[in-house]
Structure formats: C-alpha cells, structure tokens
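Student: Quick one: sequence and predicted model below, then my questions.
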Amino acid sequence: VAAVGEERLIRKIRQWLGAACPPAPEGIGDDCAVLPVASRLITVDPVGFGRHFDATVPPGWVGAKLLKRNLSDIAAMGGAPTSAVVALTLAPAVSVAWLERFYRGLAAAARKYQVSVVGGDVSEGGAAVFAASLTLLGNPAGKRVVTRSGARIGDYLYVTGVLGGSLASGHHYKFTPRLAEGAWFAGRREVMAMMDLSDGLAKDVHALEPKSAAASLFAAALPARKGASTRAALVDGEDYELLVAVDPGADLWRFESAFARRFPAVRLTRIGQMMRRGRPAPGALVLRDVQGYEHLS
Ligand SMILES: [Mg+2]
C-alpha cells in the first residue's frame, strides 16, 4: 500500500465497499459521518494478524470476521446493527490486492447484515503487519435489550449451536452471528439474561452469575462440535454462540419447542442451572478446574 498514497487508497476503499458505503455525509468523505437514525447500542472489537487470523485465512473472510465478531455482540443484546466505522493499522508492505479482498469480504458481510460502513481511518503501523478495529452501532430489534445482569438463582442456562473446536474447524471466521436468535430471545419474557460466547463457556458463564450464585453445568449435556472434546466445548474460545438464562417458572417445553419451530436448523441445549454459591447441583462440573481463554496473558 505504500506506493498508493493515502488519498488514492481511501478512494479505492470507497470503491471496494460499494453499496455498503453510502455517499457523504452519510458515508465516507466528510469529517464525520451523519447517521440517519440515532443508535442506542455500540460495541468495538478488533482482528489482528497472528491473534485472530493467520495466513491460512483468506483475506475476504478476515474482513467478514471483523464485522461478524461485532455483530455477535449486538446479537447478544437482542439488537439489530446499523452502522460501522473501521480503523486499520497497516504495514507499508501489505499488498493492495490483499486489502481489496479484505474490504470486499467486509462489504459483502455488511450488505448481508444490512450494515452501512460510514467511515474509518487508515494509519501506518511499523511492526504491526495488520490490525483492524471495527466500531459497530445498533438498536434494540424489539422492545427491550437483554443484558448480562438479569439472571437469578434457579435460572436454567441454554446455549445455541455447538461448542469447541472453533479454530480447527474454521468456525471462528465462517460462523453466522446469531442476530435473529438474539432478537427472538429478547422478545421472550422468560429470557432473563444473555451474552455471546467468545472466550470459552467456562470463563464466560461467570459473567451471567448473579451475586452469591454459581453456574452448575453438566458435562453430558454440553453440545460439543463433532470432533471436539467436552473440555474443548468448555474452554475453546470463539464459539460466537448465545448463552441465555431462562426463568425456571416458565414452561420450558413451550419455550424449547417455540425456538425449534422458529429456528429448525439451530440447536438449543439446556446445559445447566444457576445455583447458590457453594451448593452446586449434584454431578455438576467444577468450573474452577477449567479455564476459558484468557486475554492479555
Ligand atoms: Mg461479547
């Protein structure tokens, strides 16, 4: 990219984004982008070379992954995405052809999930080969957002899809963010709390635990990906599935069958229950023995 120059590079980026980037001032080209609607949800997540992808991942998939990681967070609140801005740090040696494929992958995903890429920044990084950060805006898809903090002792825990083996299977960039499922959960009164799984169930589940409660998970119930062990289902990161806490007073059969009718191709599994701390359910896994993926270590 060093030979191209910043102005030409930004023109190219607008061209690669195509319909995913509206004309200024709603899109790239002014000092700020002007959003057509206010947005109540905001999240940011990066992808970095060597950390979230390597040379085996095609550049178009890297661009899609950058957006989809953020979409997973919007899904986890019961939200629908609106707009995004992208900040890149590039080594001068990154090829324009690679960058084009990255942006075209990002643009295809943006069109698919109806996100406008409205701005961004490109800066030169010395040692960093390629790092990108995307900030995504969104709004509640329905009447409410679902937070992590609504779970109570007694709530059942459910997870969508299958867990573990994300890196080996390519799921970490091929996944479909659970936007429709998240919006559906937000519309169900029996759903008390929700989050997406990015660092591994064993670590992430603690974020849903109310004060003086601990999650009891059952090994036999865990929906492990084909070829993945129970341990992998607990500790591998990048599942991008939804974990929800459900009111134990609800009609669980109705809840489960309504989900199955709406999403016949998506598994929904009851994997455990919130219990009083120090009083795990008989036969539950001891989570302090297994650790999810730890950042910054
Ligand atoms: Mg998240």
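Tutor: Sure, I can see it.
Student: SS state for the spatially most central residue of the chain?
Tutor: Among the residues of the chain, the one closest to the centroid is residue 72, at 2.6 Å (Cα atoms, centre = their mean). Three-state assignment for residue 72 (DSSP: H, G, I helix; E, B strand; the rest coil): helix.
Student: Check whether it really touches residue 240, as I assumed.
Tutor: Yes: between residue 72 and residue 240 a contact is recorded at 4.5 Å, counting by Cβ atoms under 8 Å. Every residue, glycine included, has its C-beta placed from N, CA and C.
Student: would you list every one of the strands in this structure?
Tutor: 41-48, 79-90, 116-124, 130-140, 156-160, 191-196, 213-217, 242-246, 268-276 (DSSP state E).
Student: Check whether the second one comes near the ion.
Tutor: Put plainly, it is strand 79-90. No: Strand 79-90 does not reach the ion (Cβ under 5 Å from the ion); its nearest approach is 11.8 Å.
Student: tell me what that strand is packed against?
Tutor: Packing partners of strand 79-90 (3 or more Cβ pairs under 8 Å, 6 or more residues apart in numbering; DSSP states H and E): helix 59-75, helix 96-112, strand 116-124, strand 130-140, helix 179-186.
Student: now do 7 Å
Tutor: Applying 3 or more Cβ pairs under 7 Å, 6 or more residues apart in numbering; DSSP states H and E, we find strand 79-90 packed against helix 59-75, strand 116-124, strand 130-140.
Student: Please list all residues in contact with the residue lying closest to residue 75 once chain neighbours are set aside.
Tutor: What sits nearest to residue 75 in space, not counting adjacent residues and going by Cβ to Cβ, 6 or more residues apart in numbering, is residue 182, at 3.6 Å. Residue 182 makes contact with 75-76, 78, 194, 242 under the criterion Cβ atoms under 7 Å, 6 or more residues apart in numbering.
Student: What is the most widely separated pair among the residues you listed?
Tutor: Spanning the widest gap among the contacts of residue 182 are 78 and 242, at 9.8 Å by Cβ to Cβ.
Student: and for the two, which residues touch both?
Tutor: Jointly contacting residue 78 and residue 242 under the rule Cβ under 7 Å, 6+ apart are 182, 185, 194.
Student: Which positions in the stretch 101-250 of the chain make contact with the ion?
Tutor: Counting by Cβ under 5 Å from the ion, the residues of the stretch 101-250 of the chain near the ion are residue 196.
Student: Go again with 6 Å.
Tutor: Contact residues (Cβ under 6 Å from the ion) of the stretch 101-250 of the chain with the ion: 196, 198.
Student: Where does pLDDT dip in the stretch 101-250 of the chain?
Tutor: When residues are selected by pLDDT under 70, those of the stretch 101-250 of the chain lie in 127-128.
Student: Now with 90, please.
Tutor: The stretch 101-250 of the chain contains residues with pLDDT under 90 at 123-129.
Student: Identify the residues contacting residue 266.
Tutor: Counted by Cβ under 7 Å, 6+ apart, residue 266 has contacts 160-161, 181.
Student: how about residue 80, what does it touch?
Tutor: With Cβ under 7 Å, 6+ apart, residue 80 has these contacts: 138-139, 141, 179, 183.
Student: Got the confidence number for residue 69?
Tutor: pLDDT recorded at residue 69 is 98.
Student: To what extent is the closest residue to it other than its chain neighbours buried, counted in neighbours?
Tutor: Excluding its sequence neighbours, the residue lying closest to residue 69 (Cβ to Cβ, 6+ apart) is residue 45, at 4.5 Å. Residue 45 has 20 neighbours, counted by other Cβ atoms under 10 Å.
Student: From the ion, how far off is residue 45?
Tutor: 8 Å (Cβ to the ion, to the nearest Å).
Student: Pretty sure that residue sits against residue 71.
Tutor: No: using Cβ atoms under 7 Å, residue 45 is not in contact with residue 71; the gap is 9.7 Å.
Student: which residue packs closest to the residue of the stretch 101-250 of the chain found nearest the ion, ignoring adjacent ones?
Tutor: Ranked by Cβ to the ion, the top residue of the stretch 101-250 of the chain for proximity to the ion is residue 196, at 4.4 Å. Spatial nearest neighbour of residue 196, excluding adjacent residues (Cβ to Cβ, 6+ apart): residue 76 at 3.9 Å.
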